[in-house]
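*Asks:* I'd like to go over a predicted model; first the sequence, then the structure.
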Amino acid sequence: MRGLKFLFTRWARYKWIIALTAALFAGTVFLCCCAVEMPGNEEYLLSVAFLPVAYYIVPMMGATICFANIIGNKLMLSSPIAKELYTVSVPLFIMILTLGSMAVADGAYFIVLAAKGAAAEYYSDTFIFMAICGGLDILALSLLSRVMLGGVIMLYVNLLPYIGFILILDEDIKRNGFGLPLQVSVLIFAGVISAVSIASFMINKAYFRKLNFKQPATVYAAR
């Protein structure tokens, strides 16, 4: 897809930002892997809940850089790839960054859990937080994809309700987790991600229709 290629090409130009993003992401994942707590400990659920913060870093940085190039840019709106870019490539870009960073972070985390002999309940709680944070990430970035510095705003929009959710949890849940079977947690994760992914495409298509930008006749002639 030309639109997706355009977004990643723009991001690749900022090598120092990519290096900073990778360092922050790797550091966060490393700290989470070092701070694993077993169920029953006072800090158990907090140690699980901290990992999803890593999911926000890559999408936030990527969206802040790449979306700045297409917000209110009439040149991009008049390009042959405009419809594909705004309605397909933008939501795909959001999902690739979010789910890709999630796969790397949780892949490393699950390796540590396996080494510690963690029970299935631990993986189950991790999938619940993956659903919450992954869902918030994709949905918020989709809504803010037409806002300047939307990636930065997304961080605050997501973290505030996420922290509030953790704070209001019962003390027993904080110590022992949600107590859901692993299969149920995986289904919840799959359902949430599927729902917000569909919503992302719908939101971006609605934004593009709202622009109601008429491409010049020369653009159509060039196709």
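*Replies:* All right, it came through fine.
*Asks:* okay, residue 190 and residue 134: tell me how far apart.
*Replies:* Separation of residue 190 from residue 134 (Cβ to Cβ, to the nearest Å): 11 Å. (Each C-beta comes from the backbone N, C-alpha and C, glycine too.)
*Asks:* I'd like to know which elements the helix or strand containing residue 197 is packed against.
*Replies:* For residue 197, the host element (DSSP states H and E) is helix 182-211. Packed against helix 182-211 by the contact rule (3 or more Cβ pairs under 8 Å, 6 or more residues apart in numbering; DSSP states H and E) you find helix 90-116, helix 120-143.
*Asks:* what about the residue sitting nearest the centre point of the chain, distance to residue 170?
*Replies:* Residue closest to the average C-alpha location in the chain (Cα atoms, centre = their mean): residue 98, at 3.1 Å. Separation of residue 98 from residue 170 (Cβ to Cβ) stands at 29 Å.
*Asks:* low-confidence ranges, the protein, go.
*Replies:* Scanning the chain with the threshold set as pLDDT under 70 gives 72-74, 149-151, 212-223.
*Asks:* go again using 50 as the cut-off
*Replies:* Scanning the chain for pLDDT under 50 picks out the ranges 216-223.
*Asks:* contacts only, for residue 103.
*Replies:* Counting by Cβ atoms under 8 Å, 6 or more residues apart in numbering, residue 103 makes contact with nothing.
*Asks:* against residue 171, how distant is it?
*Replies:* According to Cβ to Cβ, residue 103 and residue 171 sit 32 Å apart.
*Asks:* do residue 83 as well
*Replies:* Using Cβ to Cβ, residue 83 is found at 51 Å from residue 171.
*Asks:* distance between the ends of stretch 171-185?
*Replies:* For stretch 171-185, the first-to-last residue distance is 20 Å (Cα to Cα, to the nearest Å).
*Asks:* hmm, who's touching that stretch?
*Replies:* Applying Cβ under 8 Å, 6+ apart, the set of residues contacting stretch 171-185 is 39-42, 44-46, 48, 120-128, 131, 188.
*Asks:* out of the helices and strands packed on helix 182-211, which is the most enclosed?
*Replies:* helix 120-143 (a mean of 22; mean count of other Cβ atoms under 10 Å).
*Asks:* so how far is that one off the chain centroid?
*Replies:* Here helix 120-143 is found 9 Å from its chain centre; the criterion is Cα atoms, centre = their mean, to the nearest Å.
*Asks:* next structured bit after that helix?
*Replies:* Next in sequence after helix 120-143, counting helices and strands by DSSP H and E, comes helix 150-167.
*Asks:* can I get the CA coordinates of stretch 12-31 in PDB?
*Replies:* Below are the C-alpha coordinates for stretch 12-31, written out as PDB (Å, rounded to 0.1, in the frame of the first residue of the first chain):
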ATOM      1  CA  ALA A  12      12.300   6.600   8.900                       C
ATOM      2  CA  ARG A  13      13.700  10.000   8.200                       C
ATOM      3  CA  TYR A  14      13.800  10.800  11.900                       C
ATOM      4  CA  LYS A  15      16.500   8.300  12.900                       C
ATOM      5  CA  TRP A  16      17.300   9.900  16.200                       C
ATOM      6  CA  ILE A  17      13.600   9.700  17.200                       C
ATOM      7  CA  ILE A  18      13.500   6.100  16.300                       C
ATOM      8  CA  ALA A  19      16.600   5.400  18.400                       C
ATOM      9  CA  LEU A  20      15.100   7.300  21.300                       C
ATOM     10  CA  THR A  21      11.800   5.400  20.900                       C
ATOM     11  CA  ALA A  22      13.600   2.100  20.900                       C
ATOM     12  CA  ALA A  23      15.600   3.000  24.000                       C
ATOM     13  CA  LEU A  24      12.600   4.100  26.000                       C
ATOM     14  CA  PHE A  25      10.600   1.000  24.900                       C
ATOM     15  CA  ALA A  26      13.400  -1.400  25.700                       C
ATOM     16  CA  GLY A  27      14.100   0.200  29.000                       C
ATOM     17  CA  THR A  28      10.400   0.000  30.000                       C
ATOM     18  CA  VAL A  29      10.200  -3.600  29.000                       C
ATOM     19  CA  PHE A  30      13.400  -4.500  30.900                       C
ATOM     20  CA  LEU A  31      12.200  -2.800  34.100                       C
END
